[in-house]
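> Okay, structure incoming, though there's no sequence with it:
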């Protein structure tokens, strides 16, 4: 396109699903220091991860080398949505890898995870107090499910890949209390939305 700089020709922002966003929020809570926030600080941090290469950083962020250099020099300060999303995602991915690994290991082996979801469930009859409705559910899921979810996330799973395992984990912990009550409850007509 004529007249548009490479900064203005960026692609639309990638959308992270609700499950993936919730996992990212959970990881942010374990950090002892917050990740860099400004575009310049993120660019500087990520450039160190790319061994000083602005070319490699530009490729990683899906932008031009010149745009990266402008942010590093402070000439640009407010990235467009797509670049901002890429900066946040890549910075979070690289930030505190050892702390993240320890938390993932603990969740996968001993502590599990706490999950908060909004779920819609109820009976099929209409006009009674048994009509379906949304509920907020907070429940602990077992380390086995936490391990599966974290492994899928690390392997690049999509939102659609994660929903069934999260729903199964919630069914086990919230509806059946790990097999100790109401064995058939939750398996017939509930849908989980995180």
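Alright, I've got the coordinates. Small disclaimer: the values here were computed from a predicted structure and weren't measured. Numbers count the residues shown, from 1 in each chain.

> Domain map for the protein?
Listed domain ranges for the chain are 34-95, 103-124+133-193 (source: automatic domain parsing).

> Quick one: closest of these to residue 18.
Using C-beta to C-beta as the criterion, the shortest distance between residue 18 and the domains of the chain is 7.0 Å, found for domain 103-124+133-193. C-betas here are computed from N, CA, C, even on glycine.

> could I get the domains of the chain as CSV with distance to residue 19, mean pLDDT and mean neighbour count?
Rendered in CSV, the data for the domains of the chain read as follows (distance: least, C-beta to C-beta, whole Å; pLDDT from 0 to 100; neighbours: other C-beta atoms under 10 Å):
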stretch, distance to residue 19, mean pLDDT, mean neighbour count
domain 34-95, 15, 93, 17
domain 103-124+133-193, 4, 78, 15
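
> Now do the strands in this structure.
In the chain, the segments counted as strands under DSSP state E are 113-121, 133-141, 191-193.

> Any chance of the ones you listed in TSV with distance to residue 69 as columns?
Written out in TSV, the entries for these read as follows (distance: least, C-beta to C-beta, whole Å):
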stretch	distance to residue 69
strand 113-121	41
strand 133-141	45
strand 191-193	42
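
> how about the ones you listed, which one is nearest residue 101?
Here strand 113-121 is closest among those (C-beta to C-beta), at 15.4 Å.

> Summarise which helices and strands that closest one is packed against.
Based on contacts counted as 3 or more C-beta pairs under 8 Å, 6 or more residues apart in numbering; DSSP states H and E, the elements that strand 113-121 packs against are helix 18-30, strand 133-141, helix 143-154, helix 159-170, strand 191-193.

> can you list contacts of the longest one?
If you take C-beta atoms under 8 Å, 6 or more residues apart in numbering as the criterion, helix 18-30 is touched by 16, 34-35, 89, 92, 96, 99-100, 103, 113, 115-116, 149-150, 153, 159, 162-163, 166, 193-194.

> Cool, thanks, talk later.
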